[in-house]
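# Sharing a sequence plus its predicted fold:
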Amino acid sequence: MATKVSLVKCGSYADTEVAGALRSALAPFGGMAALVKPGQKVLIKPNCLMGEAPEMAVTTHPTLIFAVVKEVIAAGGIALVGDSPGNAHANVVASMEKAGIKQAAEAAGGALVPFQQGGIVKVKSPSGSSILPEVPIAGPVLAADFVIDLPKLKTHGMTLYTGAIKNMFGCVPGFFKTEFHRLAPHPHDFASLLVDVFAISRPGLTIMDAVVGMEGAGPSHGTPRKLGAIIASTDGVAVDVIGSSLIGFDPLDIDMIKIAGERGLGNSNLEQIEVLGAAIAELRLTDWARPDRLYKVLKRFPRLAGILAGFIAINPEIDQQKCVKCLVCLKSCPAKTIKMHPHPLSPSPLPRGKGNKGLGVYIDLKNCIHCFCCHELCQYDAVKLKSSWLARLMGVA
Ligand code: SF4
Ligand code: SF4
């Protein structure tokens, strides 16, 4: 039997238009009430990559989040909206507020669940990966009775495209994402890890915001472009097949779609997908700008991927203007790599406490294990996290 995917035209983010398109998209699956049972904890996972205004097309649009939360509540579910954005060094709730996600979720009757606050569970790799045998997943994802994946359709510098599968990478708590890139610098290996996360987070429904997507230098620095669609299915892999086809990509050129199909996590064969509603040909844009320079380079020169991995970094740095020298970070650093110096390059620390006027607290990155305890513990907002240019380009920061 063919896999069903709804493709519904939606020309704007006007409340009524989005709500109507959503209901049409869910109708072939029996509506939200056929999927969500009364009393179930429903985790809704939008793309909240960073705190950008909705019109930048970086994040899932708040109007769609509002409509989905309303539908979940109408079905009797408890709507929880959560994410752990790549730039988790920013205040996650503030990021969600800037993206309009917090306001939309709460106005519709839902509650926010910032993943950083919900604990981390290490789950055995479903593919038996030797690169990452245990996958760190945010507790609220595993605690949910039902998961709804709410991706934004965009290009991506490393994976070429980002949609349903890639969106679930946000279930990996903040900083652990950087480690994925370090451990799997080659796009195929990285895609394999993304599929592991997708398998563990098990969305039962995917609703893609393809009203306005992003082309070019996605996922965060590209150009918003109207596509005018909402795509939905109980099969997230099939949603990605249709989403990538709509912007003129061959779905099987995208490693994560291919791998997910091979692992039986969904249907990656366009021929076996029944598209309900609009036809792909009515909405397809074949001149969608690609981000593929970096992607092509990494695919062609896998050794280069290993070299570049050394440049994917988010490092802690102490803002000397804000630091009050309370030494909490110094005492808590498990690697003992925070020292008080007159100068960052000084070979030996000077005594602390009384008489340390003029000294500064510095981090020697050589021994840093990137646990980010210093960042979490500093009450004075003096520990900043600096992303390397490649981390920013790859959308991990
Ligand atoms: S915890 Fe913050 S204020 Fe205290 S020494 Fe470290 S950086 Fe400075
Ligand atoms: S990130 Fe961890 S290891 Fe690195 S300086 Fe901060 S506390 Fe120390």
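Thanks, I have the structure now. This one's a predicted model, so the numbers in the text were calculated from it and none came from an experiment. Ligands and ions are numbered 1, 2, ... in the order given.

# any residues touching the host helix or strand of residue 362, and which ones?
Following DSSP states H and E, one finds residue 362 within strand 360-363. Contact with strand 360-363 is made by 315-318, 320, 323, 325, 327, 329-330, 337-344, 374, as judged by C-beta atoms under 8 Å, 6 or more residues apart in numbering. No exception for glycine: its C-beta is placed from N, CA and C like everyone else's.

# Please list the members of those residues that lie in helices.
Here DSSP state H is the test, and these give 329, 330, 374 as lying in helices.

# which of these has the most neighbours?
residue 374 (25 neighbours; other C-beta atoms under 10 Å).

# Can you verify my assumption that it contacts residue 384?
No: the criterion here is C-beta atoms under 8 Å, and residue 374 misses it with residue 384 at 10.3 Å.

# Now the common contact residues for these two.
In contact with both residue 374 and residue 384: 316, 318, using C-beta under 8 Å, 6+ apart.

# Let me know the pLDDT of residue 176.
Note on residue 176: pLDDT of 78.

# Ignoring the adjacent residues along the chain, who's closest to it?
residue 136 (4.7 Å; C-beta to C-beta, 6 or more residues apart in numbering).

# Just put the ones in helices among the contacts of strand 360-363 in CSV and tack on distance to residue 120.
Below are the ones in helices among the contacts of strand 360-363 laid out as CSV (distance: C-beta to C-beta, whole Å):
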residue, distance to residue 120
329, 21
330, 25
374, 18
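
# Name the nearest of these relative to ligand 1.
Nearest to ligand 1 out of these is residue 329 (C-beta to the nearest ligand atom; 3.3 Å).

# For the nearest residue to residue 189 once chain neighbours are set aside, give me its contacts.
Using C-beta to C-beta, 6+ apart and skipping residues adjacent in sequence, the residue nearest residue 189 is residue 131, 6.1 Å away. By C-beta under 8 Å, 6+ apart, the residues touching residue 131 are 183, 184, 189, 192, 193.

# Then residue 131 would be within a strand, right?
No: using DSSP: H, G, I helix; E, B strand; the rest coil, the secondary structure at residue 131 is coil, not a strand.

# if we can go back for a sec, what strands flank the strand holding residue 362, and is each parallel or antiparallel?
strand 338-341 (antiparallel) (DSSP bridges).

# can you tell me if the partner strand touches ligand 1.
No: using C-beta under 6 Å from any ligand atom, strand 338-341 never reaches ligand 1; the gap is at least 7.0 Å.

# what sits up against the helix ranked longest in the chain?
Criterion DSSP H: the longest helix present in the chain is helix 187-201. For helix 187-201, contacts defined as C-beta under 8 Å, 6+ apart pick out 45, 123, 125-127, 129, 131-132, 135, 137, 141-142, 147, 149, 158-159, 164-166, 168-169, 171-172, 180-181, 183-184, 236, 254-256, 259-260, 263, 265, 295, 298-299, 305.

# What sits closest to the most centrally placed residue in the chain if chain neighbours are left out?
Residue closest to the average C-alpha location in the chain (C-alpha atoms, centre = their mean): residue 170, at 3.5 Å. Distance criterion C-beta to C-beta, 6+ apart; nearest residue to residue 170, sequence neighbours excluded, is residue 83 at 4.7 Å.

# quick one: what helix or strand has the one you found in it?
Counting by DSSP H and E, residue 83 is part of no helix or strand.

# contacting residues around it?
Contacts of residue 83 (C-beta under 8 Å, 6+ apart): 45, 46, 47, 48, 92, 96, 101, 114, 115, 170.

# Tabulate these in TSV, adding columns for distance to ligand 1.
As requested, the contacts of residue 83 are exported to TSV (distance: C-beta to the nearest ligand atom, whole Å):
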residue	distance to ligand 1
45	32
46	32
47	32
48	27
92	20
96	25
101	29
114	22
115	24
170	28
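
# farthest pair in the residues you listed?
Between any two of these, the greatest separation by C-beta to C-beta is 14.9 Å, found for 47 and 114.

# Neighbour count for those two, which is higher?
When residue 47 and residue 114 are compared on other C-beta under 10 Å, the one with more neighbours turns out to be residue 47, at 28 against 23.

# tell me the contacts of the more buried one?
58, 59, 60, 83, 150, 151, 152, 154, 162, 167, 170, 209.

# please redo it, this time with the cut-off set to 7 Å
Contact partners of residue 47, counting by C-beta atoms under 7 Å, 6 or more residues apart in numbering, are 59, 60, 151, 152, 167.
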